[in-house]
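okay, sequence plus prediction incoming.
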Amino acid sequence: MPVLPSQRHLWDIPREIAYFNCAYMSPLAREVVAAGAAGLAAKARPWELAPERFFTGSEELRRLYGAVLGADAEGVALVPSASYGMAAATANLPLGRGQNVVLPAEEFPSSVHAWRKRARAAGAEIRTAPRPEDGDWTRALEAAIDARTAVVCTSHVHWVCGGVVDLARLSRATKAVGAALVLDLTQSISVVDPDVAACDPDFVVAAGYKWLMGPYSLGLLWVAPRHRGGAPVEEGWIVREASHDFARLVDYREEYLPGARRFDVGERSNFALVPAAAAACTQLLGWGRASLAETLGAITAEIAERARPLGAQALPPHLRAPHYLGLRFEGGLPEGLVARLAADGVHVSVRGDRLRVTPHLYDDAADVDRLMAALARALGR
Ligand SMILES: Cc1ncc(COP(=O)(O)O)c(C=O)c1O
């Protein structure tokens, strides 16, 4: 796959800013901002806002989310957050007394809280796969699964270290004991292929404001066909049959619209966020997942290589996602490292004992040089 040239011109990022923090929050591209602004402006003149707009924009986004995920759009629900999607998963998967839910250590808090609460109510337990010494999360999760496992819930790419799970293998281990598979793709979607058809998950969630490059408060839930008749988190009007017929909404309809639409959040037609998210997906699809992985992989490989003499260790390339570095330093991270780097115009995160460096197509050679120079300065090298 071709390595893409820098696309920095598509964003409004000052030259003196080197932004390596997509895992925290992607910046919105100019086109995405324009689409959102036009959508917001439309609400200033509601007499021009045709009732069809309650449906056309969200159906287009459903289609685009499906295309970015690599799954059928009928299974996509529009949700405000990964947490909301996880609430649909916990409400619809069976879990009994004495069974367990497997999660990786240091999983994102909203998944942990959701499953802890569900497990408490069911008399089930949480089994946490410990962080693997060798970075192999797939093996760690497989080892935690037993005959009592009812659900395995994991990120595809671990938000702290960038470790990647082999979903095909994990799916086999999960299905071997008849457990459900729930995936959080927030840190992997658009770059690493989950191969939904092959791993056949039950529920998939992804926040939209990181690797989907979209606005805050809009993301996706994908629901396997076997759960599309399940119980939604809310009982909204718009997800019912014939909801487009506004004049007859009081002819209350119990039946839901087909696919996973019943799981859409109330006011999912958001006239500003939906077109912005759609514009971001269109850009992502234009670049293509394989080219993104290749391009971001080349950037992180260079950073890992140049950071090694500074005492930094990354996971080996076959165990980490191409777009994601969680660098550990001999002797730990100095206090205030993130603030010191930010003062030099370099933006990264610290998660646990790792410096998280997550580039995107706006990062070019000058940004990598700025990062390396600032890091050397901050570490006193
Ligand atoms: C793995 C993962 N899941 C979910 C989220 C965000 O969750 P929510 O959309 O519920 O705010 C994050 C944010 O950092 C994350 O890293």
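Looks like it arrived, so ask away. Residues are numbered from 1 along each chain as shown.

helices of the chain, residue ranges please.
30-42, 53-69, 82-92, 109-122, 137-144, 167-176, 196-199, 273-287, 289-307, 337-343, 365-378 (DSSP state H).

run the chain-centre distance for the longest one.
Centre-to-centre, helix 289-307 and its host chain are 19 Å apart (CA atoms, centre = their mean, to the nearest Å).

cool, and the first one?
Mean-position distance between helix 30-42 and its chain equals 23 Å (CA atoms, centre = their mean).

list of residues touching it?
Residues outside helix 30-42 that contact it (CB atoms under 8 Å, 6 or more residues apart in numbering): 10-12, 28, 48-49, 53, 57, 213-215, 270-276, 278-280, 283. From N, CA and C alone the C-beta is placed, and that goes for glycine too.

give me the buried subset of these.
11, 28, 53, 57, 213-215, 270-276, 278-280, 283 (16 or more other CB atoms under 10 Å).

so where is the stretch 201-350 of the chain shaky, pLDDT-wise?
For the stretch 201-350 of the chain, no stretch is flagged by pLDDT under 70.

go again using 90 as the cut-off
Residue ranges of the stretch 201-350 of the chain with pLDDT under 90: 330-331, 334.

strands along that one, start to end?
Secondary structure of the stretch 201-350 of the chain (DSSP state E, counting those that start in this stretch): strands located at 203-206, 219-223, 312-313, 325-329, 346-347, 349-351.

ok, and the closest non-adjacent residue to residue 166?
Using CB to CB, 6 or more residues apart in numbering and skipping residues adjacent in sequence, the residue nearest residue 166 is residue 138, 4.3 Å away.

where's the one you found relative to residue 346, distance?
32 Å (CB to CB, to the nearest Å).

could you do residue 161 as well?
20 Å.

now residue 355
Where residue 346 is concerned, residue 355 sits at a distance of 11 Å (CB to CB).

now swap in residue 280 and tell me
Going from residue 280 to residue 346 by CB to CB gives 24 Å.

how about the residue most central in space within the chain, what does it touch?
Residue closest to the average C-alpha location in the chain (CA atoms, centre = their mean): residue 186, at 1.2 Å. By CB under 8 Å, 6+ apart, the contact set of residue 186 is 82, 108, 155, 159, 205-207, 210-211, 219.

out of those residues, which comes closest to residue 2?
Ranked by distance to residue 2 (CB to CB), those are led by residue 211 at 19.8 Å.

who are the contact partners of the closest residue to that closest one other than its chain neighbours?
Sequence neighbours aside, residue 190 is the residue nearest to residue 211 in space, at 4.7 Å (criterion: CB to CB, 6+ apart). Going by CB under 8 Å, 6+ apart, residue 190 touches 68, 211-213, 284, 289, 292.

pretty sure residue 284 contacts residue 212?
Yes. Using CB atoms under 8 Å, residue 284 makes contact with residue 212 at a distance of 7.2 Å.

between these two, who's got more neighbours?
Remark: of residue 284 and residue 212, residue 212 carries more neighbours, 25 against 22, as counted by other CB atoms under 10 Å.

what sits against that one?
With contact set as CB under 8 Å, 6+ apart, residue 212 has these partners: 26, 65, 68, 189-190, 206, 219-220, 277, 280-281, 284.

over to residue 58?
78, 264, 268-269, 274.

most neighbours among those, which one is it?
Within the contacts of residue 58, most neighbours by other CB under 10 Å means residue 78, with 28 neighbours.

contacts only, for that one.
58, 61-62, 65, 218, 220-221, 264-265, 268, 274.

same check, this time on residue 91
230-231, 233.

buried subset of the residues you listed as a ChimeraX selection?
Buried residues among the contacts of residue 91 (16+ other CB under 10 Å), as a ChimeraX selection:
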select :230,233
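
and which of the contacts of residue 91 is nearest residue 112?
residue 233 (18.7 Å).

shouldn't that closest one be in contact with residue 88?
Yes. Using CB under 8 Å, residue 233 is in contact with residue 88, at 5.4 Å.

excluding its backbone neighbours, what's nearest residue 278?
residue 61 (4.8 Å).

picking that back up, any residues in contact with both of residue 233 and residue 88?
By CB under 8 Å, 6+ apart, residue 233 and residue 88 have these common neighbours: residue 263.

wait, which of the contacts of residue 91 is closest to the ligand?
residue 233 (13.0 Å; CB to the nearest ligand atom).

please report phi then psi for that closest one.
Torsion angles at residue 233 (phi, psi; degrees, to the nearest 10) stand at phi -70, psi -30.

contacting residues for the closest residue to residue 169 other than its chain neighbours?
Closest residue in space to residue 169, ignoring its immediate chain neighbours: residue 138 at 5.4 Å, by CB to CB, 6+ apart. Residue 138 makes contact with 165-166, 169-170, according to CB under 8 Å, 6+ apart.

farthest pair within these?
165 and 169 (8.3 Å).

who has more neighbours out of those two?
residue 165 (29 against 14).

pull the contacting residues for residue 244.
Contacts of residue 244 by CB under 8 Å, 6+ apart are 51-52, 54-55.

let's have these in a markdown table, adding neighbour count and distance to the ligand.
Shown next, in a markdown table, are those (neighbours: other CB atoms under 10 Å; distance: CB to the nearest ligand atom, whole Å):
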| residue | neighbour count | distance to the ligand |
| --- | --- | --- |
| 51 | 9 | 30 |
| 52 | 9 | 29 |
| 54 | 17 | 24 |
| 55 | 14 | 24 |
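
lovely, talk soon.
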